[in-house]
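Trainee: show me the folded form of this:
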Amino acid sequence: MAENQKRAILCPNCRKLVSADEVRCPYCGQAGPGAVWRNNPLMRGFQSSDQFVKVIIWANVGMFFISILFNLRQLQITLNPLSFLSPHSDILILLGATGTIPIDQLHRWWTLITANYLHGGLLHILFNMMAVRQLAPFIIREFGMHRMFIIYTLGGGIGFLISYMARVRLTIGASAALCALIGAALYYGKSRGGAYGQAVYRQVSGWVVGLFFFGLLVPGINNWGHGGGIVGGIALAYFFGYNEKRKETIGHKYLAVLLGVMTAATLAWAVVSGVYFRFAI
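Mentor: Modelled structure (predicted):
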């Protein structure tokens with residue numbers, strides 16, 4: 001009995017309790033659930049969706065705090081809430097802002113990822129993180145944690161790529177990634193249908209209309225990034241599906257882990273290279 005308990009593990013795909021000796025998980029069909037390379041902290045990921053959302057939020061807060069530290073001498077402290085605690089554009093470029101300036105002049109294609117974690121002021125990051133806290137749990141519930149992160153990361157990159165193609169010179173913020181989640185929710189509501197799906201579709205459509213008018217009225221908004229994020233989110237949601245159509249697979253987990261490692265690596269590179277160019281030269 002004790003030996004069997006020692007060999008009981010959680011399937012890395014469906015998280016059901018199975019024997020480590022199983023050739024396939026009896027619940028989800030995952031091959032070799034007891035393989036050592038499948039059962040490690042990196043592949044197990046986060047056990048709580050709330051914990052995962054907090055990690056995304058704290059990564060954004062951490063990068064904002066670093067941009068403030070880099071910018072103490074040039075920090076804009078004004079009564080204007082839109083520019084309060086606003087880092088200088090040179091600092092944002094050092095830390096991974098994207099657009100035609102970083103990509104064409106500095107050949108920094110990796111900024112399509114890092115720009116999602118930079119913000120131009122206290123109000124900017126506050127609103128975006130409130131939106132992440134509200135929207136990400138819904139996408140996790142309907143798509144799963146790994147597909148949510150895939151849509152968030154790739155959708156944000158698609159939004160910034162489209163804004164680059166539209167010749168936006170410099171841009172930052174989690175808005176493109178957030179708009180990808182909005183696009184995914186829009187697709188989900190339309191695809192699912194029924195009373196619940198229609199309610200989701202109507203609510204999210206209202207957000208899209210609000211974003212459109214907000215972008216027209218407020219100067220400096222990257223409407224190309226917003227629109228590109230929404231389109232990217234719809235396309236990714238269509239391609240990867242949601243829980244009611246097909247469950248998350250181990251392949252989704254591998255891709256999410258790969259994107260997580262890429263994100264962590266590019267953010268670390270942005271900070272290290274930023275320290276070098278800001279303080280060492």
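
Trainee: need the three-state assignment for the closest residue to Gln203 other than its chain neighbours.
Mentor: Leaving aside its sequence neighbours, Gln203 sits nearest to Gly189 (C-beta to C-beta, 6 or more residues apart in numbering; 7.9 Å). Bear in mind the C-beta positions are built from the backbone N, C-alpha and C, glycine included. Using DSSP: H, G, I helix; E, B strand; the rest coil, the structure places Gly189 in helix.

Trainee: could you identify the helix or strand that succeeds the helix-or-strand element of the chain with minimal mean pLDDT?
Mentor: In the chain, no helix or strand scores lower on mean pLDDT, DSSP states H and E than helix 2-6, which sits at a mean of 47. Scanning forward in sequence from helix 2-6 by DSSP states H and E, the next helix or strand is strand 8-10.

Trainee: list the buried residues for that following strand?
Mentor: For strand 8-10, burial by neighbour count (16 or more other C-beta atoms under 10 Å) applies to Ile9.

Trainee: now it, how far from the centre of its chain.
Mentor: 30 Å (C-alpha atoms, centre = their mean, to the nearest Å).

Trainee: just checking: what are the partner strands of it?
Mentor: strand 17-19 (antiparallel) (DSSP bridges).

Trainee: average model confidence for the strand it pairs with?
Mentor: For strand 17-19, mean pLDDT is 78.

Trainee: residues contacting the residue nearest to Gln203?
Mentor: Residues near Gly189 by C-beta atoms under 8 Å, 6 or more residues apart in numbering: 197-204.

Trainee: tell me the pLDDT at the residue nearest in space to the middle of the chain?
Mentor: What sits nearest the mean C-alpha location of the chain, by C-alpha atoms, centre = their mean, is Tyr152, with 3.4 Å. We note a pLDDT of 98 for Tyr152 in this prediction.

Trainee: buried stuff in stretch 256-264?
Mentor: Neighbour-count burial for stretch 256-264, counted by 16+ other C-beta under 10 Å, picks out 256-257, 259-260, 263.

Trainee: which among those residues gets closest to Val23?
Mentor: Nearest to Val23 out of the buried residues of stretch 256-264 is Val257 (C-beta to C-beta; 23.7 Å).

Trainee: packing partners of the helix or strand encompassing that closest one?
Mentor: Using DSSP H and E, Val257 sits in helix 250-275. If you count contacts as 3 or more C-beta pairs under 8 Å, 6 or more residues apart in numbering; DSSP states H and E, helix 250-275 packs onto helix 41-44, helix 49-70, helix 89-95, helix 111-114, helix 145-165.

Trainee: Ile172 is nearest to which of those helices?
Mentor: helix 89-95 (5.7 Å).

Trainee: what's the first helix or strand after the closest one?
Mentor: helix 100.

Trainee: residues near Ser205, how many?
Mentor: Applying other C-beta atoms under 10 Å, we find 15 residues neighbouring Ser205.
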